[in-house]
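Colleague: Okay, sequence plus prediction incoming.
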Amino acid sequence: MGIDYGLGKTNIDFETGIRYGVIPANDVDLWSESSDSEYLVSCPQCGYDRIDDFDLDTDRVVCPECDFMGESEDWIASLPTIETYKEDGYLCFQHGDDPDIFIEKSPYKTRADFCSPCAPGAVHLRNAHANGDAWGYCFGHDWFESGVAPYTVYSVTDIGHMIRIK
């Protein structure tokens, strides 16, 4: 059995007891075309970055901190700070240049070994197997071009009865 570096307190859905699944983005064929990019918005003059205070739908944006006024495209960072997917029962994200996707919610789960201390309490989906350390959320078969996930996929809709998919 691996080590739960999160001690049961991190990277876990406390409602279901299912751990977050971690998988390299390169392993998930449809991630780049399915995920949405979110950008850091900050004032190019003073660095103020409270995104809720900016109205980027106007042609000219005014910083509430220093009154700098600029074109809306000046306020969006050139690289996404996070990629997310929040549909179909999934809640997944990939931060900036992190190569891994975290699956916080999914209609599917699998058994896998715990991750290293880099993702304490989560399970690594490359290390999925029938005797894995814990249940972890995962992507369904439809996220992979072959139509088959590289791990066994179970439904989480009925916790009492594991339903094996494919």
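Modeller: Alright, I've got the coordinates.

Colleague: going forward, measure contacts between C-alpha atoms and count neighbours the same way
Modeller: Will do.

Colleague: At which residues are the helices of the protein located?
Modeller: For the chain, the helices defined by DSSP state H cover 31-34.

Colleague: now the strands for it?
Modeller: Here the chain has its strands, by DSSP state E, at 21-24, 36-38, 60-62, 69-71, 82-85, 91-95, 100-105, 108-114, 123-128, 134-138, 153-155, 163-165.

Colleague: Buried residues, the third one. List them.
Modeller: Residues of strand 60-62 classed as buried under the neighbour-count rule (16 or more other Cα atoms under 10 Å) are Val61, Val62.

Colleague: before we move on, what about the first one?
Modeller: Buried residues in strand 21-24, counted by 16+ other Cα under 10 Å: Gly21, Val22, Ile23.

Colleague: Relative to Gly17, how far out is the last one?
Modeller: Using Cα to Cα, to the nearest Å, one gets 19 Å for the distance from Ile23 to Gly17.

Colleague: What distance do you get for the spatially most central residue of the chain to Asn127?
Modeller: Closest to where the C-alpha atoms of the chain average out (Cα atoms, centre = their mean) is Phe93, at 2.1 Å. Per Cα to Cα, Phe93 is found 20 Å from Asn127.
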